[in-house]
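Chemist: Got a sequence here, can you model it:
(one chain, ligands or ions: 1)
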Amino acid sequence: MKNLIDHPNYPADPNIMKTHHELECLVLSKIQEEVLTWVDSNTDYLKNANDKSFWHLIDDVDMARHCPSLMKYMMSIKIPLREITIGVLTESMKDTGFNLHMGNPPLNIKINFPIFNTEDVYTEWYDIPVEDLNKLGVFKNPHVTSFDAYNYDLKKLHNVVQELYPCVTRYNMHSHPIVFNSWIPHRVMPGPNAKYPRIMVATMPIKEPTHLLTK
Ligand SMILES: [Fe+2]
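Modeler: Numbering: from 1, shown residues only. All right, here's what the predicted structure looks like:
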């Protein structure tokens, strides 16, 4: 049978690909400070406890201008960016976390930065056979407008995934930026001591550094 989403190496095989890769970053605290200052003066993320959308589109050119350490760091690791977004886990997602999902082809890799309230929040990647993904069905991603992008309807498994499938990695992003594999189903789950809002930055490279995720 043909997969509902037919693209080479999709979904990623956790036996071949890593879920994430930690990058050395000596200027992380400076990046965090600059991003948080920009967030505080340009958004309401620090005050809005009810938002459940998680991803926020921002004026990334303005943000980049005010976060020179982030741009300098990306230059130093030779990964130029095409887009920056901000992910916010609010108090309203305390009991649920952020839905199980995975990225849609052709885009896979992000470089993610822990920014604020990063302790006791975990990204969990699950190994779900593609036959089971096909059974979930797909939906058209409303956020992608430049082409028809489809995603497996993983939301259906959000509350039961931990009982049905092996968790490949449970990771607390706090001390390093990471190269992030979005082609393995994942969700973001807070622990009992998590603080809100938990803020992270996701950056999309122009050319994906796939070699950094190859085992
Ligand atoms: Fe994701």
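
Chemist: So in this structure, which helix runs the longest?
Modeler: Ranked by residue count under DSSP state H, the longest helix found in the chain is helix 28-42.

Chemist: got a list of contacts for that one?
Modeler: 25, 45-46, 58-59, 62-63, 66-70, 73, 86, 113-116, 175-177, 199, 201 (C-beta atoms under 8 Å, 6 or more residues apart in numbering). (Each C-beta comes from the backbone N, C-alpha and C, glycine too.)

Chemist: switch the cut-off to 10 Å
Modeler: 25, 27, 45-47, 56, 58-59, 62-74, 84, 86, 88, 113-116, 118, 174-177, 197, 199-201 (C-beta atoms under 10 Å, 6 or more residues apart in numbering).

Chemist: For that helix, what is the distance to the chain centroid?
Modeler: 18 Å (C-alpha atoms, centre = their mean, to the nearest Å).

Chemist: Report all helices and strands that the helix or strand following that helix contacts.
Modeler: Sequence order places strand 55-57 as the next helix or strand after helix 28-42, per DSSP states H and E. Packing contacts for strand 55-57, counted by 3 or more C-beta pairs under 10 Å, 6 or more residues apart in numbering; DSSP states H and E, involve strand 81-89.

Chemist: Which positions within the longest helix of the chain qualify as buried?
Modeler: 28, 30-32, 34-36, 38-39 (16 or more other C-beta atoms under 10 Å).

Chemist: show me what contacts the closest residue to residue 72 other than its chain neighbours?
Modeler: Of all residues not flanking residue 72 in the chain, residue 27 sits nearest, at 7.5 Å (C-beta to C-beta, 6 or more residues apart in numbering). Residues near residue 27 by C-beta under 10 Å, 6+ apart: 33-34, 69-70, 72-73, 76.

Chemist: so which of the residues you listed is the most crowded?
Modeler: Ranked by neighbour count (other C-beta atoms under 10 Å), those have residue 70 at the top, with 26 neighbours.

Chemist: I'd like the buried residues of helix 28-42 as JSON lines, with pLDDT and distance to residue 108 appended.
Modeler: Converted to JSON lines, the buried residues of helix 28-42 look like this (pLDDT from 0 to 100; distance: C-beta to C-beta, whole Å):
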{"residue": "28", "pLDDT": "98", "distance to residue 108": "23"}
{"residue": "30", "pLDDT": "98", "distance to residue 108": "28"}
{"residue": "31", "pLDDT": "98", "distance to residue 108": "23"}
{"residue": "32", "pLDDT": "98", "distance to residue 108": "25"}
{"residue": "34", "pLDDT": "98", "distance to residue 108": "27"}
{"residue": "35", "pLDDT": "98", "distance to residue 108": "23"}
{"residue": "36", "pLDDT": "98", "distance to residue 108": "28"}
{"residue": "38", "pLDDT": "98", "distance to residue 108": "27"}
{"residue": "39", "pLDDT": "98", "distance to residue 108": "26"}
